[in-house]
Structure formats: C-alpha cells, structure tokens
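[1] give me coordinates for this.
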Amino acid sequence: MNNLKTFLSALVRYGRHLPCLVLAGTVVGCAGMPADKADVRARRIVSEMTLPEKISQLHGIEDETYYRYVPPVSRLNIPALHVANGPCGIGPAGDKPQKPATAMSAPISLAATWDVALAYRYGEIIGREAKCLNEDLLEAPDVNIARLPQNGRTFEAFGEDPYLVSRLTVSEIQGIQSQGVMANVKHYAANNQENNRLKVNVIVGERALREIYLPAFEAAIKEANCASIMGAYPRVNGYFCCENDVLLNQILKKEWGFKGFVTSDFGAVHSTVPSALNGLDLELPSGKYFGKNLKTAIASNQVPLSVIDEMLLRRFRTMIQFGLFDQTPKLQMLPVREHGLESARIAAAGMVLLKNDRATLPLDAARLRRIALIGPYAVKALTGGGGSSHVIPLYTVTPLAGLQRRVGTNVSVNLADGKDIAQAVALAKTADVAIVMVGDNEGEDHDHSLKLAGNQDKLVAAVVAANPHTVVVLKSGSAMFMPWVDQIPAILEAWYPGEEDGNAVAAVLFGEVNPSGKLPLTFPRQLADLPANTPEQYPGVNGEVHYTEGVFVGYRHFDAHQLQPLFSFGHGLSYTTFDYQNLALGADHVSLTGISKAPLTVELEVANTGRRAGEEVVQLYVGLPSTPEVPQPPKQLKGFVKVLLQPGETRRVHLELDAQALSFWNAEKHGWFILPGTYQVMAGSSSTDIRQKGEFVLDP
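    Presented below is the predicted three-dimensional model:
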C-alpha cells in the first residue's frame, strides 16, 4: 500500500476536484441560515425568476460532462446543484469521470456494529469527502428494509428491523449534514427488491407500511431533519412513488411536516402532471417530464404556477440553510490516511463472529509457521458492491498484505485462488491453519441467490476435510447458505470490508480487535423458511408483489412460526463472555397516561466474565399483547445499547420504553394505538438468546 503515491496520482488526474470547501476554516452544518430568513430569501429569488429559468431548475442535465447536476442561474446567483451517490462512500457524481474516494465498508456492515456513534462518524467521513469533492447533495443513506435477503441492494442498507435501521439512519444523516452537505434519504418507499423494480406494483397493507417500511424515513425527517428524500422506482398500492399522493403529499409533507425537497430516483418519473401535483420537486437525471412537457402543462393550466414555485422554494430554502448560496471555496486535500484508518476501524467493528468452536479464533502468530490463504475473495480487496453506489477506492489493502503485515516475516502466507480445488487442498495440508475467503458480489439491477457461486461450497468442504484447522471468512452483502457449517470450527462474517479489507480482517482474526458485531438480518437455512416464500410474495405475479406477510418480516416471522434460522438476528460472538443479571423494571403497572408522559425504565447488570476486554450489544425486545384482530410477533426490538467492559467488570445498563415502543398501527382508525394488557420485556444477546425476562401491565 502506498497512500501518498496513490493520492498524488489521483490529484494529477482529477486536478481541481480533490480540494475541500471550507468556510472560515470550519465546515458549516445545516444551520447556515435560520429557516425563516432562508424562506424569505428563497421566496424573493423565486419571484424574480422567468418561467424558462424556473423550468431549468426543476430537472438535471445529462451530457458528456454532467450527469447528477442542475445548472446554475448566474443572473440571480443561483448556484449549480452537484449530486453524488454515497451510501458506501462517494460514488458516481455530477461531474464526469467518477473521482476516487474512501471506499467504506458496506452499510450492512455498519448496521452490524449496532453503534450509533460509529454511524455518525461514518456519516461525517462521507459528508466531509463530499464537501472535499464539491458535492452538495449526497444520495445516502439507503434505509430500505431487508424484506428478503435476495435483494441485490441488501448490502447498501441497514437490515431487517425498523428500530435498528431508524437509529442508525438518524445518526448517519446527522453526521453527513454536520459537514454542510445535504443528505438524501432513499428509496421512498417499499423499494425492497431489484427484480422488476422499475415497474413492479407493491401491494402492502397500511399497518405493515407504517410499522415496518416507513419508520426509518419518518425518523430521518422528524429527528435528523434530513434535507431531501428520494422517490423510489416501484408503484406502491397502484401509484408510482414519484407521483404517489399518499406517500409524498399526505404522509411526507403534511403529516410529517417535511420542509425539504423530493428528488426522483434516476428514471423513476413516469408523468408530468401527476408527478408535479403529487409531490415531486426535482426530476433526475434529466428533464424528460419536467422540461418542455412541464412548460406545456403550465401553459395549459394543468399545473398551476404556484405549484412550480413551491417546488423551487423547497430546494432553494434548504440550500440556503446549508450555506450553499454563499460559501467561498477554500482548498483542502482529501484526508486519505485519516479516513483510511477510520474505515478499517468501522469495518472491523462490523464483523460478526458467527461460530468459534474450541476457541479456534483468535489466531496466535507466535504458534504459526505456515498459513494457507485460499479462495476467490482472498485474491484482492472487496471494496464494495456494484451499481450506482460503487466507489473507486483511493487505495486497497489485499488480504495477503493484511495477513503478512500482522504475522511478520517468521510466518509464511501462501495464496491460492481456489479455482483448482486439488491445488488448494494440497496447500491446506501443509499449513498450520487454512483461511478460506468466500463470498458474493451483489449489485444494483438484479437480485441474487443465497447460494455461493461457482465451486465455493465444494472448495470449503474440501479444504476443511484436508485441514480441520480451517477458518472461513465470509465476504457477503447479505445472508448466505452454508452447507458446510457443521464442519467448520470458526466462521467470520466480514461483509464488504472496503479499501482496508486486508488490515481490518486480519485485525479481527488475530485478536487485535475483539469482534463485537451482531447480525442486522436473519440468516435462513432454506428459502422456504423466509417470510416471502411464494411467487405472489416474491418476485411477484403479473407485475404485482403482495406483502401478505404483513409485519412478520425477518426474525418476527421466524419467531412466530418457531423456525430455527441458520444464524439469528442479533447474533454475534466475542472472544470473551458476558453474563446478564438482575433485570428490573421501573414499575409493574403503568397507565396509558403515565407511559405517554414518561418512559418506563429497564435496568439490568451485564458482566464481562472472560479474560479479554470486549463490547456487548444488549438488546431489548418487547412482546406486545396479541389479538386475532391485531396479531403481534412474539418479540420486537425496541432498544439496544453497546457497552465496553474490561475483564471482570460489571455495569448497570439503563434502557427506556416510551409510548411509541408499545404502539401498533390501527389500519381501520389510521393511527397509532396502545392496547391495555400484559407486556413481556426481554433482554438478550440476540433475538433467540434471551438472558433476562420481565413483564408489566399496562392499565387502561
């Protein structure tokens, strides 16, 4: 790895694009101008615009130079809007060609950290680099629920649980926007498969929509004050997302009070008049519907000019609040080394130790002489998935380089790509330990099988038969089947580790980092066990996909049907052990009035009973009263906290349950309600590893 050489070559290639914009030495957050003053200024600008100028600001342009870009209006000092994709780091952006940036570990890996502070830092890093590359709007985060693990963009989001996804969403957006860059939460809404994504009609019930698929978006708007939101490709209950009055006008803008602006996914617009009237504010990447067609619709009085003005007002006001109408650029280099080290730290924190029989891990370099590094994902760094979120890394650290750096010159690390299984077996037989790296490479535009491609399953089985001291490192963007799971003593889920792949994986394998990741989605044993397991549910029939599983998504479904997953939601081992004791609730009985005014406290003791310092994610689940009319899952995640404990240390953990945690959506009355009855409270290390239980009664 040669950071300086890589960075300098990028600087020569991309010239002016690598500086960073700074105001008086400090990056400005979203409080660049108070909302009321920004509104007055934006209204004045809009009032001075000609109709052609207004039309030019309602869509992007696409040519050999620009793609994610809205041109400026120099006469009125309206700046250009530069847009970059960014769930995994800075991807394709407004200026061509794509520029290199820090390739972060995949967002599914960030989700596996269960760490809101790291989510904020992740947002800070990609927000700072967006500012460094002169981007104004970052298309991130992707918060779509992992309804099914086959979704090609599972790696790009935060997993299957709406509470976990919401907490990470809020923190990452706050991190992005702290750098003076507008976040663009996506894809709104129910964009849960790539198969037929451009046309599929998602039929989803009101309760499931509100409890499963909308909470992260609502949190992004209400808690994180996200600047913008992206309308998705599919139809939802008959209407395309970018012309969906219920989603955009009624829920987003009226009910949630969203003051920012709505952009389209690229090519997700299908009309002019319905899209304009039903809540879309900016068409991307070009003006197929919001260009000449919109001008004609205005002239024929199909779209009032007041609607156009409101669309412009929303974007200009937001940009003014972020200081984007006034800032003077100053140059600053991308912090290559700093962000590279941070990316490695976050990647390692997200790795999940799935299995560790006989304390196979961590490895001890002092006891090794030969390591066999085997497999298609051992050859080079896996920096991320494919599609519009792909990042061109500033540098990469290969698995071989990372391992060799960790073990030093006294241990030989021999590499085989695994194409020739006989060769791999021969190498494994000569080694003290065989490390087999297998995985997948998900991407946009297509879903994927949960079976490892090619000969990977045969490779793993052959290697462990040759050398029982075999460790599997799985680099996947989602759940995968493991027919060899019973034969392998140690399995580490490393996800897509980003540009620091080799260093991050080696740090966990050799114990420099004690793994603390927990699965943000369930790993099934077979497709039939998944909630969406019929053609009508997925991939759909005659262009429609029916979410008939309702709220029973992910572990909720497995619990309700008493199905044993391969690995549970929330599962993740450590090189130390933890004990849970003495769960105590703030009250045995609470009233509806009381819970509405103050949360119920939940406390318990967590002790590190092992010999290493380690972090444990304490997970709080609640079982709501279930009725035939409103069936409830046996448990739902309603809180979590990550604690660092030294060997022998015990800490009292404090969590809270508020009214929202006890609420369900009543589809008949179209609102949130709480039922009186007995509520189960469960604390544990995963959704199936419950260590402490309690209950309380909610009185009418």
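[2] shaky segments in the stretch 401-550 of the chain?
    For the stretch 401-550 of the chain, not a single residue meets the criterion pLDDT under 70.
[3] tell me where it has strands.
    Ranges of strands within the stretch 401-550 of the chain are 412-416, 433-439, 470-475, 490-493, 544-546, based on DSSP state E, counting those that start in this stretch.
[4] helices or strands next to the longest one in the packing?
    What it means is strand 433-439. The contact analysis (3 or more C-beta pairs under 8 Å, 6 or more residues apart in numbering; DSSP states H and E) places strand 433-439 against strand 370-374, helix 456-466, strand 470-475. Every C-beta, even on glycine, is put in place using the N, C-alpha and C of the backbone.
[5] which of those sits closest to A146?
    strand 470-475 (16.6 Å; C-beta to C-beta).
[6] quick one: that closest one to strand 370-374, angle?
    40 degrees (axes from the mean of the first three to the mean of the last three C-alpha atoms, to 10 degrees).
[7] in its sheet, what does strand 470-475 sit against?
    strand 433-439 (parallel), strand 490-493 (parallel) (DSSP bridges).
[8] which residues are in contact with that strand?
    354, 360-361, 363, 377, 382, 428, 433-440, 460, 463-464, 480, 482, 484, 488-497, 505, 509 (C-beta atoms under 8 Å, 6 or more residues apart in numbering).
[9] helix 456-466 and that strand, what's the angle between them?
    160 degrees.
[10] so G540 sits against N196, correct?
    Yes: with contact defined as C-beta atoms under 8 Å, G540 reaches N196; the gap is 6.4 Å.
[11] so which of the two has more stuff around it?
    A count of neighbours by other C-beta atoms under 10 Å puts G540 above the other of G540 and N196, at 20 against 16.
[12] tell me the contacts of that one?
    Contacts of G540 by C-beta under 8 Å, 6+ apart are 195-196, 200-201, 546.
[13] out of those, who's the most crowded?
    V200 (22 neighbours).
[14] now for that residue: which residues touch it?
    Per C-beta under 8 Å, 6+ apart, neighbours of V200: 193, 234-235, 540, 543-545.
[15] for I392, see how far away M333 is.
    Distance of M333 to I392, given as C-beta to C-beta, to the nearest Å: 17 Å.
[16] which one of these two has more residues nearby?
    I392 (18 against 11).
[17] surely that one is in contact with K99?
    Yes: with contact defined as C-beta under 8 Å, I392 reaches K99; the gap is 7.1 Å.
[18] residues of the host helix or strand of S171 that come out buried?
    Per DSSP states H and E: S171 is located in helix 162-177. When neighbours are counted by 16 or more other C-beta atoms under 10 Å, the buried residues of helix 162-177 are found to be 162-177.
[19] and which of these is nearest E206?
    Nearest member of those to E206, counting by C-beta to C-beta, is P162, at 15.0 Å.
[20] what sits against the closest one?
    Counted by C-beta under 8 Å, 6+ apart, P162 has contacts 145, 211-213, 215-216.
[21] can you redo these as CSV with distance to A130?
    CSV is the format used below for the contacts of P162 (distance: C-beta to C-beta, whole Å):
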residue, distance to A130
I145, 25
E211, 32
I212, 30
Y213, 27
P215, 26
A216, 21
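[22] do you know how far the most centrally placed residue in the chain is from C88?
    Centroid-nearest residue in the chain: A157, 2.8 Å away (criterion: C-alpha atoms, centre = their mean). For A157, the distance to C88 (C-beta to C-beta) stands at 11 Å.
[23] re the thing from before, for the strands of the stretch 401-550 of the chain, which one sits closest to K518?
    Per C-beta to C-beta, nearest to K518 of the strands of the stretch 401-550 of the chain: strand 490-493, 10.4 Å.
[24] in CSV, list the C-alpha atoms belonging to that closest one.
    What follows is strand 490-493, C-alpha atoms only, in CSV (Å, rounded to 0.1, in the frame of the first residue of the first chain):
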residue,chain,number,x,y,z
ALA,A,490,-14.8,-20.8,13.0
ILE,A,491,-16.8,-18.5,10.7
LEU,A,492,-16.3,-14.8,10.5
GLU,A,493,-18.8,-12.7,8.5
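[25] just give me how far that strand sits from the chain centre.
    21 Å (C-alpha atoms, centre = their mean, to the nearest Å).
[26] cool, and stretch 652-666?
    With C-alpha atoms, centre = their mean, you get 23 Å for stretch 652-666.
[27] now it: buried residues?
    653, 655, 657, 659, 661-666.
[28] and which of these is nearest A453?
    Distances from A453 to those, taken by C-beta to C-beta, are shortest for W665, at 39.7 Å.
[29] so what are the domain limits for the protein?
    With domains defined by automatic domain parsing, the chain comprises 336-509, 576-699.
[30] could you export these as a markdown table, including distance to A528?
    Below are these laid out as a markdown table (distance: least, C-beta to C-beta, whole Å):
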| stretch | distance to A528 |
| --- | --- |
| domain 336-509 | 12 |
| domain 576-699 | 19 |
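[31] so of the ones you listed, which one's packed in deepest?
    Greatest average neighbour count among the domains of the chain goes to domain 336-509 (a mean of 21), per mean count of other C-beta atoms under 10 Å.
[32] need the distance between the two termini of that domain.
    25 Å (C-alpha to C-alpha, to the nearest Å).
[33] one more: stretch 41-53?
    Stretch 41-53: ends 17 Å apart by C-alpha to C-alpha.
[34] what residues of it count as buried?
    41-42, 45-46, 49, 53.
[35] buried stuff in stretch 557-567?
    557-560, 563, 565-567.
[36] next step: those residues restricted to strands.
    Residues of the buried residues of stretch 557-567 located in strands (DSSP state E): none.
[37] contacts for stretch 620-639?
    161, 163-164, 207, 551-552, 555-557, 559-560, 570, 602, 619, 640, 655-657, 661-662, 664, 666, 675-684, 687, 690.
[38] in the stretch 401-550 of the chain, which spans are helices?
    421-429, 456-466, 501-509 (DSSP state H, counting those that start in this stretch).
[39] those helices: which one's closest to A84?
    That would be helix 501-509 among the helices of the stretch 401-550 of the chain, by C-beta to C-beta, at 22.9 Å.
[40] SS state for D63?
    Counting by DSSP: H, G, I helix; E, B strand; the rest coil, the backbone at D63 sits in coil.
[41] that one - how many residues pack around it?
    Neighbours of D63 (other C-beta under 10 Å): 9.
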